[in-house]
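Chemist: build me a model:
(one chain, ligands or ions: 1)
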Amino acid sequence: MNILDGRQIASEIQEGIKQEIIQLKSQTGKTPGLTVIIVGENPASQAYVRKKHKIAQKLGINSKIIELKADIPARQLIDQIQILNRDADTQAILVQLPLPEHLNTWEILDHLSPEKDVDRFLPVNLGHILLNRTHIFPCTPAGVLRMLDYNQIDVSGLNAIMVGRSFIVGKPLASMLTNRNATVTLCHSKTRNLPELVQQADLVVAAIGKPGFITADMVKKGAILIDVGQNFLYQENQVLEYCTEMQQQKFKKKGYGITGDIHIKAFSKSSHYTPVPGGVGPMTVALLMENTLQLFKQQVHIE
Ligand code: NDP
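Modeler: Numbering: from 1, shown residues only. The predicted model follows:
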């Protein structure tokens with residue numbers, strides 16, 4: 001079994017972006033601008049946003065965070081998005097999800113300029129993905145494909161199962177795998193015979209949000225396992241059941257352990273697998289940086 005090392009691949013991607021930004025700055029005098037809007041004080045969202053900001057700054061991206069109060073009226077949030085839509089120094093806008101409950105996600109996102117939609121979630125951008133008419137993809141699905149490419153894994157003809165159908169991960173990734181000629185089964189909470197379907201798959205992608213949900217007995221020997229899930233566990237018995245030894249040590253120091261949606265015991269049956277943490281997570285951040293650079297190049301007409 002081979003580990004698909006997201007940290008290593010992400011750091012190589014980031015180094016390439018950093019060099020390209022230096023070069024573009026010397027040509028144009030400009031640097032890519034990424035602005036993240038965060039509403040409320042969800043600790044996980046705050047941690048993700050801080051991480052993205054730190055890496056963006058390291059790469060020379062002009063990164064800004066706009067922090068808004070949890071009870072902000074929809075109109076004010078939309079006004080803020082529209083200001084950024086018009087701002088020539090911001091080529092990439094990210095609205096950190098989830099939004100507080102009183103805000104309707106799509107009523108808000110619909111006001112984002114499609115060309116500045118760095119997550120590529122807007123219907124027009126998802127439509128281009130479906131039709132295989134774009135080279136800019138949502139960050140997590142793009143990160144998954146880059147890990148496969150880096151390890152020269154060709155998905156053409158493989159039986160792939162995508163467990164989870166969110167618009168952030170499952171739906172776009174199922175389309176992207178289909179466009180690469182995999183035979184894709186897209187599953188969700190109403191799927192009846194999930195274990196049997198997983199057993200037939202050469203490639204299993206899990207984006208569910210339930211620790212260790214895909215168990216070793218479900219997985220075919222030699223399958224490629226891609227674990228998108230990121231679950232924070234705070235109870236010792238859960239940490240002992242679902243987390244690697246390294247995460248169990250971390251739990252003793254920090255009071256929590258992280259694990260994915262694929263049970264760690266399944267990895268020994270695989271040909272390749274992504275660890276959690278250190279797999280898809282770092283790739284998502286690297287691809288956010290790459291998307292920011294792509295949008296910058298499109299909007300200042302460098303391509
Ligand atoms: P969502 O909650 O939006 O979607 C979860 C999906 O899982 C849904 O489609 C749901 O089905 C499906 N599901 C839930 N229970 C079952 C079940 N028992 N059997 C089969 N399918 C089930 O989650 P996201 O896609 O946003 O995220 C999924 C996971 O990936 C989370 O752990 C999240 O933290 C992580 N994540 C990690 C990222 C990274 O960079 N590593 C980036 C984004 C997410 P239904 O549609 O029927 O409700």
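Chemist: so how far is residue 95 from residue 48?
Modeler: Relative to residue 95, residue 48 is positioned 13 Å away (CB to CB, to the nearest Å). Every C-beta, even on glycine, is put in place using the N, C-alpha and C of the backbone.
Chemist: so which of the two has more stuff around it?
Modeler: residue 95 (25 against 19; other CB atoms under 10 Å).
Chemist: show me the beta-bridge partners of that one.
Modeler: When bridges are called by DSSP bridges, residue 95 pairs up with residue 37.
Chemist: ok, it - contacts?
Modeler: 36-37, 39, 81, 108-109, 112 (CB atoms under 8 Å, 6 or more residues apart in numbering).
Chemist: the chain against the ligand: which residues are in contact?
Modeler: When proximity is defined by CB under 6 Å from any ligand atom, the chain lies next to the ligand at 140, 163-166, 168-170, 187-191, 194, 207-210, 228-231, 280-281, 284.
Chemist: which of these are buried? Put it as a PyMOL command.
Modeler: Selection of buried members from the residues of the chain next to the ligand for PyMOL, criterion 16 or more other CB atoms under 10 Å:
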select buried, resi 140+163+164+165+168+169+170+187+194+207+208+228+229+230+231+280+281+284
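Chemist: list the ones among the residues of the chain next to the ligand that fall in strands.
Modeler: Residues from the residues of the chain next to the ligand lying in strands, with DSSP state E as the criterion: 163, 187, 231.
Chemist: okay if I get those as CSV plus pLDDT?
Modeler: CSV is the format used below for those (pLDDT from 0 to 100):
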residue, pLDDT
163, 99
187, 98
231, 96
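Chemist: show me where the stretch 201-303 of the chain has strands.
Modeler: If you assign secondary structure with DSSP state E, counting those that start in this stretch, the strands in the stretch 201-303 of the chain sit at 203-206, 224-227, 231-233, 257-259, 272-273.
Chemist: between those strands, which gets nearest to residue 156?
Modeler: strand 203-206 (11.1 Å; CB to CB).
Chemist: give me every residue that touches the nearest residue to residue 275 once chain neighbours are set aside.
Modeler: Once flanking residues are discounted, residue 275 sits nearest to residue 3: 6.0 Å by CB to CB, 6 or more residues apart in numbering. Residues near residue 3 by CB under 8 Å, 6+ apart: 272-275.
Chemist: quick check, central residue of the chain?
Modeler: The structure's the chain has its C-alpha centroid closest to residue 140; by CA atoms, centre = their mean the separation is 2.4 Å.
Chemist: okay, now the unreliable bits of the chain?
Modeler: 303 (pLDDT under 70).
Chemist: which helices and strands does the top helix by length along it pack with?
Modeler: In the chain, taking DSSP state H as the definition, the longest helix is helix 6-28. Taking 3 or more CB pairs under 8 Å, 6 or more residues apart in numbering; DSSP states H and E as contact, the helices and strands that helix 6-28 lies on are helix 43-58, helix 139-150, helix 280-299.
Chemist: so what touches it?
Modeler: The list of residues contacting helix 6-28 from outside it, by CB under 8 Å, 6+ apart, reads 30-32, 55, 58-61, 143, 146-147, 150, 274-275, 278-283, 285-287, 289-290, 293, 296-297, 300, 302.
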